[in-house]
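> Here is a sequence together with a model predicted from it:
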Amino acid sequence: TLRAVVEGVGHYLPDRIVPNSEFEKSLDTSDEWIRTRSGIERRHFAAEDQTTSDLAVRAARAALENAGLSVEDIDGIIVATSTPDLTFPSVATMVQRDLGMTRGFGFDVQAVCAGFVYALTNAHALIVAGQARRLLVIGAETFSRIMDWTDRSTCVLFGDGAGALILGAQEGNGSTEDRGVLSADLNSDGRYREMLYVDGGVSSTGTAGKLRMQGNPLFRQAVEKLTSTADAALDKIGLQGSDVDWIVPHQANIRIIQGTARKMGLSMDKVIVTVQDHGNTSAASIPLALSVGVEQGRIRQGDLVLSEAIGGGLAWGAVVLRW
Ligand code: ACO
């Protein structure tokens with residue numbers, strides 16, 4: 001059985017760190033409110049001249065170094081993002097150029113906060129189908145560019161950053177003991193559009209637009225849908241919550257993360273949490289958390305990792321992989 005195995009991981013966060021207290025100067029909000037409602041303490045914001053592809057390239061270089069590989073070893077690049085530098089070309093082809101990669105392919109995946117789960121599932125499918133031997137899978141965002149800085153209910157929640165994985169084809173024996181992606185579950189339902197969207201775009205307003213969110217109803221959808229997609233991904237391969245070594249969830253809100261872990265019967269000791277330091281970085285949050293989890297020596301080879309995410313669409317899903 002051909003498996004798509006993690007061979008390297010890396011991330012990049014822009015230098016500028018913004019603590020909650022900075023929002024107290026311009027908005028009717030407080031560090032206390034942001035911390036207790038979301039778990040967020042600080043976030044990174046990209047510099048004015050730093051774009052999503054800049055962050056993505058830094059994360060890609062870190063992952064290549066971590067894997068001990070060079071760009072010649074890579075067959076393709078998939079970037080999950082909702083905040084591309086330009087309408088086109090894709091961020092992936094910009095990363096390709098900046099890395100000096102002159103062969104292979106690159107494309108972007110847009111499923112907002114679920115983007116990395118979608119990208120990983122696509123990468124796995126391409127590798128298993130024999131279309132590529134080794135892929136760079138990146139989540140990269142500059143959500144600071146689509147914030148309405150007068151809306152306290154959204155602008156305090158998001159941050160910028162990028163994370164990258166390298167997936168390589170390796171033979172397994174077909175059991176759930178194999179390393180690599182073992183299962184995935186993808187979902188979307190366009191009826192929920194109003195809960196989370198950006199009020200601009202190329203073919204409607206001709207502007208980039210700003211993020212709009214109904215936080216409270218979204219919160220209620222999140223815990224329920226994240227638990228069911230996580231259960232579905234595990235169930236497809238005959239595993240259950242108790243088999244999981246690490247939940248590495250999308251980092252939107254500590255209360256959503258805690259609620260999902262509780263519903264799955266798992267203690268918070270088994271959850272990688274970065275939301276306090278990164279805020280919600282949309283498609284970048286899972287690869288950032290994976291990279292931090294490895295850096296901290298927590299996620300180790302052979303561990304069963306479950307990642308789940310939900311975002312605009314709504315779109316949601318989960319991936320189970322053995323590290
Ligand atoms: N500072 C102070 N008060 C605030 C702020 C703020 N920054 N923002 C909102 N409030 C006020 C509201 O106006 C409201 O006041 P009111 O009762 O007088 O109307 C009060 O706080 C409570 O607001 P709620 O929205 O009910 O607060 P809630 O406990 O639901 O927390 C939050 C809000 C943090 C947005 C939460 O609903 C949430 O995290 N929702 C899910 C969001 C999410 O996960 N989004 C991402 C998923 S998809 C993606 O990642 C893109």
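Great, that's in hand. The structure displayed is predicted, hence computed values, not measured ones.

> quick one, what contacts the closest residue to the ligand within the chain?
Closest residue of the chain to the ligand, Cβ to the nearest ligand atom: residue 215 (2.7 Å). Where C-beta positions appear, they are placed from N, C-alpha and C, glycine not excepted. Contact analysis of residue 215 by Cβ atoms under 8 Å, 6 or more residues apart in numbering lists 153-154.

> Pull out the buried residues from the longest helix anywhere in the chain.
Longest helix in the chain, counting residues (DSSP state H): helix 215-235. For helix 215-235, burial by neighbour count (16 or more other Cβ atoms under 10 Å) applies to 218-219, 221-223, 225-234.

> Contacts for whatever helix or strand comes next after it, please.
Once the chain leaves helix 215-235, the next helix or strand it forms, by DSSP states H and E, is strand 246-247. With contact meaning Cβ under 8 Å, 6+ apart, strand 246-247 is reached by 230, 260-261, 264, 266, 270-272, 293, 298-299, 303-308.

> of those residues, buried ones?
Buried among the contacts of strand 246-247 (16+ other Cβ under 10 Å): 230, 260-261, 264, 266, 270-272, 293, 299, 303-308.

> So which of those residues belong to strands?
If you go by DSSP state E, the buried ones among the contacts of strand 246-247 have 304-308 in strands.

> Can you name the two of those that sit furthest apart?
Using Cβ to Cβ, these span at most 13.7 Å, a distance reached by 304 and 308.

> So for stretch 56-64, mean pLDDT?
Here stretch 56-64 scores 98 as its mean pLDDT.

> contact partners of that stretch?
With contacts defined as Cβ under 8 Å, 6+ apart, stretch 56-64 is touched by 8-12, 70-71, 74, 77, 79, 81, 91, 94-95, 98-99, 136, 138, 140, 162-166, 287, 291.

> Taking these, please make a PyMOL selection of just the buried ones.
To isolate the buried ones among the contacts of stretch 56-64 in PyMOL, judged by 16+ other Cβ under 10 Å, type:
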select buried, resi 8+9+10+11+12+71+74+77+79+81+91+94+95+98+99+136+138+140+162+163+164+165+166+287+291
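
> just checking, which of the contacts of stretch 56-64 belong to strands?
Per DSSP E, the subset of those in strands is 8-12, 77, 79, 136, 138, 140, 162-166.

> Return the closest of those residues with respect to residue 66.
Distances from residue 66 to the ones in strands among the contacts of stretch 56-64, taken by Cβ to Cβ, are shortest for residue 8, at 4.0 Å.

> Confirm for me that the closest one is in contact with residue 74.
No. Taking Cβ atoms under 8 Å as the definition, residue 8 is not a contact partner of residue 74, at 10.6 Å.

> The ligand contacts on the stretch 201-323 of the chain?
Residues of the stretch 201-323 of the chain lying close to the ligand (Cβ under 6 Å from any ligand atom) are 215-216, 218-219, 222, 252-253, 256, 280, 282, 310-312.

> got the domain boundaries for this protein?
According to automatic domain parsing, the chain comprises the domains 2-171, 180-322.

> Can I take it that residue 120 is in a helix?
Yes. Counting by DSSP: H, G, I helix; E, B strand; the rest coil, residue 120 is found in a helix.

> quick one: what helix or strand has the residue lying closest to it once chain neighbours are set aside in it?
In space, residue 120 comes closest to residue 319 once its chain neighbours are excluded; the distance is 5.1 Å by Cβ to Cβ, 6 or more residues apart in numbering. Assigned by DSSP H and E, residue 319 falls within strand 315-322.

> Now do that strand against helix 215-235: the angle between them, please.
Orientation of strand 315-322 against helix 215-235 (axes from the mean of the first three to the mean of the last three Cα atoms, to 10 degrees) gives an angle of 40 degrees.
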